[in-house]
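# Next input, structure requested:
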Amino acid sequence: VQLVESGGGMVQPGGSLTLSCTASGLILASNDMSWVRQTPERGPEWLSAIEASTGTTHYADSVKGRFTISRDNAKNTLYLQMNSLKPEDTALYSCARGLSLRTTDYWGQGTQVTVYG
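Residues are numbered from 1 along each chain as shown. This next block holds a predicted model:
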C-alpha cells in the first residue's frame, strides 16, 4: 500500500489550497479514509474522514466549515479542499486509512502547508 499526497505549498491567510492523495495497492472507495496533520509542537491532529460505505463525511471542529473532504473513485484519489486558511493551519498534512487517529494504519509521507503573513 502506498499513499502519496500532493498540493501543499505556501499561502497567505485567507487563501485556499486543494490537497490530493493518490493510492496504490488500496481501493479508496472500499476504505474509510482520513486527513490528518501534525506539527512538532502539537503532534498529530485528525481533521476529517470519509466513510467507505456511505460517503458520510466527518470534520474536526477546528476545520469544520472551512475544509471539505472528497474522493474521486475513478481516479482512486482523495482530496481535501482547504479554504480560509489560517497561520495555525501550518502543518504537514497526510492522508491515512481509517476513521480516527486511533484506527488509522497506513499513512502517506505528507505534504507541507505553510500559511504565512
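# Between the two ends of stretch 36-46, how far is it?
Terminal residues of stretch 36-46 lie 4 Å apart, using C-alpha to C-alpha, to the nearest Å.
# Show me which positions of it end up buried.
Residues of stretch 36-46 classed as buried: 36-37, 44, 46 (neighbour count, 16 or more other C-beta atoms under 10 Å). From N, CA and C alone the C-beta is placed, and that goes for glycine too.
# In strands only, show me those residues.
36-37, 44, 46 (DSSP state E).
# what two of the residues you listed are the furthest from one another?
37 and 46 (8.6 Å; C-beta to C-beta).
# Give the residues shared as contacts by those two.
With contacts defined as C-beta atoms under 8 Å, 6 or more residues apart in numbering, no residue is shared by residue 37 and residue 46.
# In contact with the spatially most central residue of the chain: list those residues for me.
Geometric centre of the chain, nearest residue: residue 35, 2.8 Å, by C-alpha atoms, centre = their mean. Counting by C-beta under 8 Å, 6+ apart, residue 35 touches 19, 21, 47-49, 67, 69, 78, 80, 93-96.
# Show me the beta-bridge partners of it.
residue 48, residue 95 (DSSP bridges).
# what's around the closest residue to residue 46 other than its chain neighbours, how many residues?
The spatially closest residue to residue 46, leaving aside those adjacent along the chain, is residue 101, at 4.7 Å (C-beta to C-beta, 6 or more residues apart in numbering). When neighbours are defined as other C-beta atoms under 10 Å, residue 101 has 13 of them.
# dump the residue contacts of residue 101.
34, 36, 44, 46.
# Touching, the second one and residue 45? I think so.
Which is residue 36. Yes. Using C-beta atoms under 8 Å, residue 36 is in contact with residue 45, at 6.4 Å.
# before we move on, back to that, quick check: phi and psi at the residue nearest to residue 46.
Backbone torsions for residue 101, taken as degrees, to the nearest 10, come to phi -60, psi -40.
# Could you check how far it is from residue 44?
6 Å (C-beta to C-beta, to the nearest Å).
# Repeat that for residue 24.
Distance from residue 24 to residue 44, by C-beta to C-beta: 23 Å.
# Let me see the ranges of the strands in this protein.
Counting by DSSP E, the strands of the chain are 2-6, 9-11, 17-24, 33-39, 43-50, 57-59, 67-72, 77-82, 91-97, 111-115.
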